[in-house]
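Peer 1: For reference, the sequence and a predicted model appear below.
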There are 2 protein chains.
Amino acid sequence: MGTATESPELLHPPAGELDLTAVLHALSDPQRLRIVRALAESEEPISCGSFGLDVSKSTRTHHFRVLREAGIIEQRREGTCKLSSLRRAELDARFPGLLDAVLAADR
Amino acid sequence: MGTATESPELLHPPAGELDLTAVLHALSDPQRLRIVRALAESEEPISCGSFGLDVSKSTRTHHFRVLREAGIIEQRREGTCKLSSLRRAELDARFPGLLDAVLAADR
DNA sequence: CCAGAAGTTCGATGATCGTCGTATAATGGG
DNA sequence: CCCATTATACGACGATCATCGAACTTCTGG
């Protein structure tokens, strides 16, 4: 408890409490994997709508929530958009090499 | 297609055709993760019954099949037992660092 | 040869998941 | 102040999943 310094609405698990199975499950979906790759390549926050996902808006929101609740991404409001970015450092600290391996395995 | 040099009954995907999302999904279950860790620590084939899984026999069979069809383990008959082992080299070749990261993330 | 051990197969069941459409906020520009 | 943009919430639907028990196969040891 106590790291709720930002938005009270958005659930972001603390870095130390990331669950491996939750992370693996979040990454085991093609659409979410695409999001994570786009985020990793841009290295800058991206708005939800900027992804070439062939799914509806609500499905997109769903995938972003799964990624956020697994602790893989961070989201914050920016006007009418919501910007997402990878929690790279925290992920690397908790699961060293995991994200790199997944991203390298792209193809 | 011709890599069927072993048992014709057991489906083992060729090393080059392992699917990342299938591998991640197979690893995203606590029971299967436990199997993979036991396999990695023993470094020798283990029979299905030697795992401290608190699930029924049929569920065990199911998990082993998921792991095998994802290309994570290899299974072969040995008398009345069936021995399982990690496909470490193939996994490392296809997804470098992935298995190591997952195993290191144990805790 | 036969009893037991080790796995598999086959439904079935309840849970979760990915997807959608529609309705509903929150925000910034004219 | 209203409207367009951006995203979320809420069911709902079909698919997949993890789990089980019971019946079946296959092999081994006595």
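Peer 2: Structure received.
Peer 1: counting contacts, what elements does the helix or strand A:Ala26 falls within pack onto?
Peer 2: Element membership for A:Ala26 (DSSP states H and E) is helix A:20-27. Packing partners of helix A:20-27 (3 or more CB pairs under 8 Å, 6 or more residues apart in numbering or on different chains; DSSP states H and E): helix A:30-42, helix A:57-69, helix B:20-27, helix B:30-42. For glycine as for every other residue, the C-beta is placed from the backbone atoms N, C-alpha and C.
Peer 1: mind running it again at 10 Å?
Peer 2: Packing contacts for helix A:20-27, counted by 3 or more CB pairs under 10 Å, 6 or more residues apart in numbering or on different chains; DSSP states H and E, involve helix A:30-42, helix A:57-69, helix A:88-94, helix A:98-104, helix B:20-27, helix B:30-42, helix B:98-104.
Peer 1: Of the ones you listed, which is nearest B:Gly49?
Peer 2: Among the helices and strands packed on helix A:20-27, helix B:30-42 comes nearest to B:Gly49, with 11.9 Å by CB to CB.
Peer 1: buried residues in the closest one?
Peer 2: For helix B:30-42, burial by neighbour count (16 or more other CB atoms under 10 Å in any protein chain shown) applies to B:Gln31, B:Arg32, B:Leu33, B:Ile35, B:Val36, B:Ala38, B:Leu39, B:Ala40.
Peer 1: can you check stretch A:55-75 too?
Peer 2: Buried residues in stretch A:55-75, counted by 16+ other CB under 10 Å: A:60, A:63-64, A:66-75.
Peer 1: Would you check how far apart the nearest residue to A:Leu39 once chain neighbours are set aside and DNA strand C are?
Peer 2: In this structure, A:Leu39 finds its nearest non-sequential neighbour in A:Leu86, 4.6 Å apart by CB to CB, 6 or more residues apart in numbering or on different chains. Using CB to the nearest atom of the strand, to the nearest Å, A:Leu86 is found at 19 Å from DNA strand C.
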